[in-house]
Structure formats: structure tokens, C-alpha cells
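Peer 1: Following is a predicted model, sequence given first.
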Amino acid sequence: MERKNAWEKYQGADREKVFAFCEGYKEFLTKCKTERECAAWVVEAAKEKGYWDLHQVLASKKSLRPGDTVYATMMGKAVALFHLGEEPMETGMHILGAHIDSPRLDLKPNPLYEEGELALLDTHYYGGVKKYQWVAQPLALHGVIAKKDGSVVKVALGEDPAEPVLGVSDLLIHLASEQMKKAGSKVVEGEDLNLLAGSIPLDGEEKEPVKKQILKLLEKKYGMEEADFLSAELEAVPAGAARDYGLDAGMIIGYGQDDRVCAYSSLEAMLTLKNPAKTCVCLLVDKEEIGSVGATGMHSRFFENAVAEVMNCLGQYSELGVRRALANSKMLSSDVSAAFDPNYPSVMEKNNCAYFGRGLTFNKYTGRGGKSGSNDANAEYISRIRRIFEEKGICYQIAELGKVDAGGGGTIAYIMGNYGMDVIDSGIALQNMHAPYEVASKVDIYEAYLGYEAFLKEIS
Ligand code: MN
Ligand code: MN
């Protein structure tokens, strides 16, 4: 089926709208490299628009009214923004969902050791990664150290060009004859992902002097001792800013676009709302990359509980009311899709794959093999979405991730589908998904933003 290139919509000065929106996105991507940093950004953006903290609303026993805006958070890693509609919540919500965790190298609980007069930090990778992609490049360390006294120190080391970075070494090609014969999954193995953290011995120390030097630096910079690694969450991520990509600057390269590209465009759409008829929600969750598990992942009761609390503050709470609110909702569950890559055409079926420049991608289903593990969006629901996008002239494409049996993937969509709501996978197509640097098309990001806004206002 013929679909025009979305750039054709934007001629001359009009193109500036696309580029200007993506400047904001690049800043978000550059500053938010962990789920916590993303959640904090979202809360700040919401507060600037007048959103209240649900915890404070509950503590002060305030009530809520239609038109109010309120946010709920979970452990600083998941956020739900609510813009309360005129209609009762049990008639259903319009929900934009995405995830804010991304693949990375997490420090182990006991990470620091010395070997060969070098100090190293042992890691355990998070999410699906090609491990060989994570070596021989500058990595920054982001996260928190929770000390025994209850204080929490934030860490973001290696982003300022004046600060040092860390990295995992790779084997020189000259000595790699055995390594180069290995399968891709074995070229670099999980236990090889150790960050080189230091090389200068501490004066006067005989035993592990380089490690002791690092501990001294950590003490000075973060007031931490070695045991504080036990209660830390430190993530090694690619260092540096998101950048324009391509000679025409039509794309963006940066870390963590899965799924922060959908999170940012959903957030921006959410913040444009004024007096919606139905309650609108932007739900940004953690742990999608490892199965949406735990208190901050989509399987958690976090969102359901937040809906119950909000309905209670509106004077609309009942057990049945909450169930109806969820079952009657409509959702775009946004997560990135795979963009056609001329370097790897063999994994794509050209009539049913996503292309850069064709706008927001919908996946009727995801999963692997015979669609196993997928949400499968209802045809009637898809027809309503098509109508909205076409009436508004917003570019979209409906695609599969790749060829049948080439692989597969899952999202949070089926978890929301369990409530009985209408939900479809949507999102922005990427090249290099899960690599340290992923690539997205600027016009797709902008069309997604317009599409999310139209969905919140128009879906019925
Ligand atoms: Mn992913
Ligand atoms: Mn994803």
C-alpha cells in the first residue's frame, strides 16, 4: 500500500516545527539516562503545568474535581499523569503508555576489585543486549547510592566533558584470532563486561592500592564506603549527548530511545490538554525490558491503585467503578518498532515493515512465532484510530516488527489488555534498537506527538 513520506507535509518554514520539537527531545534524551531521571523530568514538567502530587492530595485530604491535574509516582521510577475529565471516570480513560527503562550495564552489589594493578567494576547487564556492542566506548555512571543513614546520593558521572568516563575494554584485533571465530553471543560474554575504573595506586598502600585509591575518591566525591555499593543502583550508560544524525540532520542518534522517544512524545502531547471530556492519562513505567515485573513495572498494581485513589478523591470510588474505568478505557501502548534498514533487508517483509519517514507505527500484534505473547488489537478499534489519523492528516503506518519467525518481542500492551480495555501497540520506528546508540527519524517523532494529541482528544 502506498504511503507518502511525512516530510512532504512539511515544506519550507513548516519544517522548523519538526526540528524545534526535536530539540526538546534531544535535551530530554541527553539529560535522562535512567528510569529515575526520566521520572523526575516528567514530574518537573507536570508540576510546571500545575499538576498536584497525589501523595500530597491524599495527605491533605483534599478532594479533586474535573479539570484538575494530578500525578502519581512509584519509587521514583514510574509515573502516571491524570488530567481529570468532565465525564465520570467509570466511563473510561484515554491512556498513553510507554516505558522509561532502557538496556544498560548495572553494577553488581559487590562490584569493585583490583586485578593487574587496575581497578574494575563488575556489571550485570539489564535487558536484551548484544554484549559485544558495549565495549570500547565511553560510558557514564548514573544512579543512586542509598546509605545506611537513610540519605540518598545521586550520581551522574561522565556527562560533563570535564569529568572522566569509564568503559569496558575489547580485545585487540592482533590477538583476537580465537575470539573472531566465536558466535556473536560469545564474542563478549556477560562476565567480561567489567568497567575499567582506575590505574593510579594510593601512596603507601601495599595491598590493592589502586582499588584503595578509587575508594578514597568515592569517599571524597559521594561520601560513600565500599559497603554502600550494596544499597546502590548504578547504571553504566553511553556517555554524551544525543545528536543530529545524517547530513540533512533528519534523524537523531542517542542512547535510550527505546522507549524514551515514545515517553517524551506522549508526555508532550499530554501536557497540551485543556479541559478534556474523558480523563486522560500518560503512564510511564519501568522494567519493561525485563518483563514488566516488580513494583515499578506494568504488572504492578501501581496504576490500578492510583486510579482507585484518584476516583476516591473525586468522590467516584467504588470497586465496580474502578473496574469499569479500566475496562472502558482506550489506550495507545507505545513502544518502539523496527525501521527498515537497507543494510539488513533480509529480516523484513517489505509490505509489512515500518519505514523511517512514514509517521507513527502501529503494530496490530507483536509476539514471536505464532504471535505468542502478543496483545492483538481489535479490528474495530483500529478502524476508529485510522479514522482519527486520516481526518487529521497525521502520517501513520501499520506494520509487523519483522519477518515471520525472524524473532520477536513483547510490550506492556497485553497487560493493559487484561483489564478488557481497547489497546494497540504503537510507537516510533528505530534503527539499532537496543544498541548503545539508537536512531529515530525526526518527522516520525513529530507525527507521533501529533497522533498522541489527536488520540487523547478524539478517540471514542
Ligand atoms: Mn526494548
Ligand atoms: Mn521498548
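Peer 2: Alright, I've got the coordinates. Numbering: from 1, shown residues only. Ligands and ions are numbered 1, 2, ... in the order given.

Peer 1: any idea of the mean pLDDT for the longest strand seen in the chain?
Peer 2: The residue-count maximum for a strand in the chain (DSSP state E) belongs to strand 104-115. Across strand 104-115, pLDDT averages out at 98.

Peer 1: which helices and strands sit right next to that strand?
Peer 2: Judged by 3 or more CB pairs under 8 Å, 6 or more residues apart in numbering; DSSP states H and E, strand 104-115 is in contact with strand 118-126, strand 139-146, strand 194-198, helix 209-222, strand 232-238. C-betas here are computed from N, CA, C, even on glycine.

Peer 1: mind listing what the third one pairs with, with the direction of each?
Peer 2: Meaning strand 194-198. strand 118-126 (antiparallel), strand 167-168 (antiparallel) (DSSP bridges).

Peer 1: Which among these is found nearest to ligand 2?
Peer 2: For ligand 2, the closest of the strands paired with strand 194-198 is strand 118-126, at 12.8 Å, according to CB to the ion.

Peer 1: Strand 139-146 and the closest one, what's the angle between them?
Peer 2: Angle of strand 118-126 versus strand 139-146, following axes from the mean of the first three to the mean of the last three CA atoms, to 10 degrees, is 80 degrees.

Peer 1: what does the stretch 301-450 of the chain put close to ligand 2?
Peer 2: residue 335 (CB under 5 Å from the ion).

Peer 1: for residue 303, what are its contacts?
Peer 2: 80, 283, 285 (CB atoms under 8 Å, 6 or more residues apart in numbering).

Peer 1: got the end-to-end distance for stretch 434-452?
Peer 2: Taking CA to CA, to the nearest Å, stretch 434-452 runs 24 Å from one end to the other.

Peer 1: what's the answer for stretch 326-340, then?
Peer 2: 35 Å.

Peer 1: State the mean pLDDT of that stretch.
Peer 2: What stretch 326-340 shows for mean pLDDT is 98.

Peer 1: Tell me where the stretch 51-200 of the chain has strands.
Peer 2: With DSSP state E, counting those that start in this stretch, the ranges of strands along the stretch 51-200 of the chain come out as 52-53, 69-74, 78-83, 93-99, 104-115, 118-126, 139-146, 152-157, 167-168, 194-198.

Peer 1: Can you lay out these as TSV showing distance to residue 338?
Peer 2: Below are the strands of the stretch 51-200 of the chain laid out as TSV (distance: least, CB to CB, whole Å):
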stretch	distance to residue 338
strand 52-53	37
strand 69-74	29
strand 78-83	25
strand 93-99	16
strand 104-115	20
strand 118-126	21
strand 139-146	25
strand 152-157	30
strand 167-168	26
strand 194-198	29
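
Peer 1: partner strands of the longest strand of the chain, parallel or antiparallel?
Peer 2: Under the rule (DSSP bridges), strand 104-115 has strand 118-126 (antiparallel), strand 232-238 (antiparallel) as partners.

Peer 1: circling back to that earlier point, can I get the contacts of residue 303 in TSV including pLDDT, distance to ligand 2 and neighbour count?
Peer 2: Formatted as TSV, the contacts of residue 303 follow (pLDDT from 0 to 100; distance: CB to the ion, whole Å; neighbours: other CB atoms under 10 Å):
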residue	pLDDT	distance to ligand 2	neighbour count
80	98	18	24
283	98	14	27
285	98	11	29
